[in-house]
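A.B. asks: Dropping a prediction and its sequence here:
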Number of protein chains: 2
Amino acid sequence: MKIAVLGTGGGGRAHAAKLLELGHEVIVGTRDPRATLARTEPDMMGNPPYKEWLADHPGITLATFAEAAAAGELIINGTDGINSVKALTSAGAENLAGKTLVDYAVPFIYNPDVEHPWPTPWGIMPRLEPVDVDSLGEQIQRAFPDAKVVKAFVTQEQDTVVNPRAIGDGDHTMFIAGDHADAKKAVTALLESYGWSDILDLGTLVAARGMEMYAHMHSAIGLALGGHFGVKIVR
Amino acid sequence: MKIAVLGTGGGGRAHAAKLLELGHEVIVGTRDPRATLARTEPDMMGNPPYKEWLADHPGITLATFAEAAAAGELIINGTDGINSVKALTSAGAENLAGKTLVDYAVPFIYNPDVEHPWPTPWGIMPRLEPVDVDSLGEQIQRAFPDAKVVKAFVTQEQDTVVNPRAIGDGDHTMFIAGDHADAKKAVTALLESYGWSDILDLGTLVAARGMEMYAHMHSAIGLALGGHFGVKIVR
């Protein structure tokens, strides 16, 4: 399958590498491919320059957001939450129409007016915008009504999303939500190919609120354990 | 141990009954004991009149919030989130001072100006207040600085909090957070007596934000499964 991964950060890299390994044709979208390739410093999160990473993953194509989205039959939004609607607008509504759009972004924003006592790997506990009465997943669906948005992956670290068996031999739960049954079926198949066996459909995209808001507890659990973990829903 | 349970709803009843069974002296606090005992109709959540329930649990004392808090060596806040600070104010700061105060309330409020498409057992998906940059647990700690607030129980239904073995033979996780190590130790001992074996300390009370915000995902999971469940953190 032709799969577009929008975003060149750690999450996008993890998905792109896994999808390549699974035999998919992977097109990565970025705002400005030349600028992405010109970078020689690690990114904000400490990932090596994209050019180096790309050299280690022959077969992955780097393109603009729009070129990647046009080529992809399924699209993964791997951009930061704060930039997602903008990035998807660059990708072009016409290139998203009728396609499954997997969104795993958390709409973290850093508000310098709010003091946070909670140290996190990125310094402070950012706040969410939107939160509680709306979600980024729903915002994206409203902005691109012809796309089929599925919220997924959110409750996992990027490297365990694509490698669930690294935690508890894969015996934990992945959550999905969305308004389009066929798109959720496509994402379920993708997740199964990643190695997930317990995939829990939380219903319509409204559930994206809870999935995004879980980010705070996820951070707290990660800080408490000092390492990766999975969430298993025990029936 | 003398334990005060503030609140006469389903959660408070579950804790009071379990604590009685465990041999504790249980004093339940309510705003107006006479009014509570005078009710002949089931409450908003369908629980039978308190007088009936009390008759089935001989040994439990019903008292005012203040009398219960004064008597309790450990205090459980089982009031609705929206009423908690008010109820604890009635209980009296002096009666909470120096004591462990377990809070499991979620600050749900129903905002009639916001339309929610998500049907829940109580009709709509309420919003949280505070959310994201504060929590009810922290509000309570600030309002009663001499109490030792521990946020706990939040990620479970009231009947599985006191009976964890009903789910997956007890192989799931309970979360606690708070700023007072001795109070967390006391709550850990209480949880162990309830049957919990995996109790994860999420750190300071700031983690109450994530625990309360998880309520949305908890609701979504409960609706998806149509029954009780536990959350297990798989390392």
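C.D. replies: That came through fine. Residues are numbered from 1 along each chain as shown, chains lettered A, B, ... in the order given.
A.B. asks: contacts and neighbour counts: CA atoms only from here.
C.D. replies: Fine.
A.B. asks: Quick one: the strands in chain A, in order.
C.D. replies: Assigned by DSSP state E, the strands in chain A fall at A:2-6, A:25-30, A:61-64, A:74-77, A:100-103, A:108-109, A:127-128, A:148-152, A:173-178, A:198-201, A:230-234.
A.B. asks: other SSEs contacting the third one?
C.D. replies: Packed against strand A:61-64, as judged by 3 or more C-alpha pairs under 8 Å, 6 or more residues apart in numbering or on different chains; DSSP states H and E, are the following elements: strand A:25-30, helix A:33-38.
A.B. asks: Give me the phi and psi for the residue positioned nearest the centre of chain A.
C.D. replies: The residue at the geometric middle of chain A, judged as the C-alpha nearest the mean C-alpha position with C-alpha atoms, centre = their mean, is residue A:104 (3.4 Å). Here the main-chain torsion angles of residue A:104 (degrees, to the nearest 10) amount to phi -120, psi 10.
A.B. asks: worst average pLDDT in the strands of chain A?
C.D. replies: Per-segment confidence across the strands of chain A bottoms out at strand A:108-109, which has a mean of 84 in mean pLDDT.
A.B. asks: Give me the contact status of that one with chain B.
C.D. replies: No. Residues of strand A:108-109 contacting chain B under C-alpha under 8 Å from any C-alpha of the partner chain: none, with a closest distance of 10.5 Å.
A.B. asks: Include mean neighbour count and distance to residue B:74 when you put the strands of chain A into TSV, please.
C.D. replies: As requested, the strands of chain A are arranged in TSV below (neighbours: other C-alpha atoms under 10 Å in any protein chain shown; distance: least, C-alpha to C-alpha, whole Å):
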stretch	mean neighbour count	distance to residue B:74
strand A:2-6	27	52
strand A:25-30	26	56
strand A:61-64	20	60
strand A:74-77	25	48
strand A:100-103	26	45
strand A:108-109	18	37
strand A:127-128	22	33
strand A:148-152	28	41
strand A:173-178	24	36
strand A:198-201	18	38
strand A:230-234	21	30
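A.B. asks: Would you format those strands as a markdown table with distance to residue B:206 included?
C.D. replies: As requested, the strands of chain A are arranged in a markdown table below (distance: least, C-alpha to C-alpha, whole Å):
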| stretch | distance to residue B:206 |
| --- | --- |
| strand A:2-6 | 33 |
| strand A:25-30 | 36 |
| strand A:61-64 | 40 |
| strand A:74-77 | 30 |
| strand A:100-103 | 28 |
| strand A:108-109 | 17 |
| strand A:127-128 | 13 |
| strand A:148-152 | 26 |
| strand A:173-178 | 25 |
| strand A:198-201 | 29 |
| strand A:230-234 | 21 |
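A.B. asks: Just list what the one helix or strand in chain A whose mean pLDDT sits lowest packs against, helices and strands only.
C.D. replies: Lowest on mean pLDDT, DSSP states H and E among the helices and strands of chain A sits strand A:108-109, with a mean of 84. Judged by 3+ C-alpha pairs under 8 Å, 6+ apart, the packing partners of strand A:108-109 are strand A:127-128.
A.B. asks: The strand it packs on: partners in the sheet, and parallel or antiparallel?
C.D. replies: Looking at strand A:127-128 with DSSP bridges, its partner strands are strand A:108-109 (antiparallel).
A.B. asks: Which positions in chain A make contact with chain B?
C.D. replies: Taking C-alpha under 8 Å from any C-alpha as the contact definition, chain A meets chain B at A:114, A:116-118, A:127-128, A:131-133, A:167-168, A:171-172, A:200-203, A:206-207, A:209-211, A:213-218, A:220-221, A:223-224, A:228-235.
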